[in-house]
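**Q** give me a model of this one.
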Amino acid sequence: MRILAPLLLFVLADCSPVPSARAQEAQVGELADFLLVDKSERTLWVYQGSDVIRTYRSLQFGDAPKGHKRFEGDERTPEGRYTIDYGNPNSSYYLSLHIDYPNAADSDFAQSQGRSPGGLIFIHGQPNGVPDGVRMPGDWTDGCIAMINAEIAELWSLVPDGTPIEIRP
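**A** Below you'll find the predicted structure:
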C-alpha cells in the first residue's frame, strides 16, 4: 500500500485539468467578471465587481449592425445575455473570444422560421496580416465584434472563460 499511494497521487495529479495559457495570464492581476457592449455607442465596458476596469470605443460590427441576429448570414451582431466560453488564439483574426450564441431562444426562433440561427460569433481583432494599429474601414464582420489588435490583446488577458457578456442595442 505504501508503494501504491505515491503512484496513485502521481496518476491523479497527471489527470487534473491544466488551465489554458489565457486563463493563467488572466489569473495574474485584474480579471473581468462581466462585459457590457452597447452597439449604438460602439463601446465595450469591462467590469470587475462594480468597477469599470477598461473601456473600449470604436467597435466594429457586422455589415448590418442594427437589430438582433436572427439567422445565419444576416450579418447582424446578437443582442442579449451570453457567455464568453473560450478563446481561440489561432483564428483567422488576431485573437478571438467566442460568444456562446445562439442560446435556446435564438435557436427556437430560427428553427420556427425554417432557418439556421448561425453561430461562430466572436470578439476578435483585425484579419491576420493587417498591420498593427491599422483597422479595416467601417462595419465588416459577419456578426462578430471587432477591435484593433492592441485592444483585443489586452481584453484577451482580462477575460477568463465563463465571463458573462450583455450586448445591448
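**Q** residue contacts, the nearest residue to Ile148 once chain neighbours are set aside?
**A** Setting aside the residues directly before and after it, Ile148 is nearest to Arg135 in space (CB to CB, 6 or more residues apart in numbering), at 5.2 Å. Any C-beta I mention is one placed from the backbone N, CA and C, and that applies to glycine too. By CB atoms under 8 Å, 6 or more residues apart in numbering, Arg135 lies in contact with 60, 126, 146, 148.
**Q** which strand or helix spans the residue nearest in space to the middle of the chain?
**A** The geometric centre of the chain, computed from its C-alpha atoms, lies nearest to Leu97 (CA atoms, centre = their mean), at 2.9 Å. Per DSSP states H and E, Leu97 falls inside strand 96-99.
**Q** that strand pairs with which strands?
**A** As defined by DSSP bridges, the strand partners of strand 96-99 come to strand 80-88 (antiparallel), strand 121-124 (antiparallel).
**Q** just the mean pLDDT for the shortest one, thanks.
**A** Strand 121-124 comes out with an average pLDDT of 97.
**Q** packing partners for the next helix or strand after that strand?
**A** Next along the chain after strand 121-124, taking DSSP H and E as the criterion, comes strand 145-146. Strand 145-146 is packed against strand 121-124, with contacts defined by 3 or more CB pairs under 8 Å, 6 or more residues apart in numbering; DSSP states H and E.
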